[in-house]
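S.K.: Fold the stuff below for me.
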Amino acid sequence: MLDTALGTGKTVALPSGRVAYAERGSGPPVVFVHGLLVNANLWRKVAPAIADAGFRCIAPNWPLGAHQLPMPADADLTPSGVATLIAEFLDALDLTDVTVVANDTGGALTQILMANHPERLGRVVLTPCDAFEYFLPEPFTSLPELVRLPGAVWLASRLLRPPMVQRRPAAFGWLAKRGIPAEIMDSYLRPIYDSRQIRRDARRFIVGVHNRYTLAAAQALIGFSKPVLLVRAQDDRIFPARLFERLAATLPDARLVTVADSYTFVSEDQPSELARLVVEFAGLPAFEQRPHHGRDEDG
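M.R.: Below is the predicted model:
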């Protein structure tokens, strides 16, 4: 399931359950956090360049519906529970001064991590993602109610298989500007298609999504003093530009940049540019990052 470009596949047992991940390179750790109904393959074009620049790239499959290993029936898969799972992962691998790179739903989970479990974080890169009232954004706001209907997740797992459905805005159509390769899309959708337990995990996470989590995190982020790079996509059709402007104004030490010719999945549309930004940001000493405050922006 994991693309070979991500490195060596591994698993780790955590208090909340087992997590599969891929690891490539050595050096300061960079940990990736994907969003709903995708997995670590989202980062397959980005991780190699970052690893080649001297970093240890770690790309887990978080339990968001496209994961390999089902979670225990009693695992807490609310947004705060999954943020705790991420913190457990950093603890289990004894990672410190971590650069976290997040996208989409994973960005919301990372904000909750920043608010509740900041100890092992060194810096954060947020690519287009949920924040504030936008959790989930249009056209996905009705998902938590829809998946409460009996059999809804099973039916969705079948309806999403045809490529013509995948290209619709309410599926994956507005996420990657030039589409997603069929084999990668299959890695995203096959787990929820094949496994009742994975469907159960996806449902448990989705029904728990509510913007009270991101709004509470935003209140705490006022005190998050570590450097944050906000990578906005110029042509994003899901997350409005003002979300990152608000994040830039909220975080004490944030730098905002805009990547051209990309939808929400910058790692798919502009992987080389994203890798360059992460390497440059993660490689800077803290005192060189500090001068960037609030509203600064590079194009």
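S.K.: When you work out contacts or count neighbours from here on, use the C-alpha atoms and nothing else.
M.R.: Will do.
S.K.: Now the element after the strand or helix carrying residue 125, going C-ward?
M.R.: Assessed by DSSP states H and E, residue 125 sits inside strand 121-129. Next along the chain after strand 121-129, taking DSSP H and E as the criterion, comes helix 143-146.
S.K.: in that next one, what's buried?
M.R.: For helix 143-146, burial by neighbour count (16 or more other C-alpha atoms under 10 Å) applies to 143, 144, 146.
S.K.: now those residues as JSON lines including distance to residue 71 and pLDDT?
M.R.: Formatted as JSON lines, those follow (distance: C-alpha to C-alpha, whole Å; pLDDT from 0 to 100):
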{"residue": "143", "distance to residue 71": "21", "pLDDT": "88"}
{"residue": "144", "distance to residue 71": "19", "pLDDT": "89"}
{"residue": "146", "distance to residue 71": "22", "pLDDT": "91"}
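S.K.: pLDDT of the helix or strand hosting residue 249, averaged?
M.R.: Applying DSSP H and E as the criterion places residue 249 in helix 241-250. Summarised as a single mean, pLDDT over helix 241-250 is 95.
S.K.: rewinding a little: describe which strands the strand holding residue 125 pairs with in its sheet and in which direction.
M.R.: strand 98-104 (parallel), strand 228-233 (parallel) (DSSP bridges).
S.K.: Kindly export it (C-alpha atoms) in PDB.
M.R.: What follows is strand 121-129, C-alpha atoms only, in PDB (Å, rounded to 0.1, in the frame of the first residue of the first chain):
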ATOM      1  CA  LEU A 121       7.300  20.000  18.300                       C
ATOM      2  CA  GLY A 122      10.100  22.200  16.900                       C
ATOM      3  CA  ARG A 123       8.200  23.800  14.100                       C
ATOM      4  CA  VAL A 124       5.100  23.300  12.000                       C
ATOM      5  CA  VAL A 125       4.200  23.500   8.300                       C
ATOM      6  CA  LEU A 126       0.500  23.900   7.600                       C
ATOM      7  CA  THR A 127      -0.500  23.400   3.900                       C
ATOM      8  CA  PRO A 128      -4.100  24.100   2.900                       C
ATOM      9  CA  CYS A 129      -6.200  22.800   5.800                       C
END
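S.K.: Residues in contact with it: which ones?
M.R.: Applying C-alpha atoms under 8 Å, 6 or more residues apart in numbering, the external contacts of strand 121-129 come out as 96-108, 114, 226-233, 236, 239, 264-266, 278, 282.
S.K.: Write a PyMOL command that selects only the buried members of these.
M.R.: A single PyMOL command selects the buried members of the contacts of strand 121-129 (16+ other C-alpha under 10 Å):
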select buried, resi 98+99+100+101+102+103+104+105+106+107+108+114+226+227+228+229+230+231+232+233+236+239+264+265+266+278+282
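S.K.: Any idea which of the strands paired with strand 121-129 gets closest to residue 248?
M.R.: Minimum separation from residue 248 across these (C-alpha to C-alpha) falls at strand 228-233, 7.5 Å.
S.K.: Show me where the stretch 151-299 of the chain dips below the pLDDT cut-off.
M.R.: 284-299 (pLDDT under 70).
S.K.: where exactly do the strands run in it?
M.R.: Remark: strands assigned in the stretch 151-299 of the chain by DSSP state E, counting those that start in this stretch are 228-233, 254-259, 297-298.
S.K.: my guess is residue 167 meets residue 173, correct?
M.R.: Yes: with contact defined as C-alpha atoms under 8 Å, residue 167 reaches residue 173; the gap is 4.0 Å.
S.K.: overlap in contacts of these two?
M.R.: Counting by C-alpha under 8 Å, 6+ apart, the residues touching both residue 167 and residue 173 are residue 179.
S.K.: Dump the strands paired with strand 121-129 to a markdown table, plus distance to residue 200.
M.R.: A markdown table is the format used below for those (distance: least, C-alpha to C-alpha, whole Å):
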| stretch | distance to residue 200 |
| --- | --- |
| strand 98-104 | 21 |
| strand 228-233 | 32 |
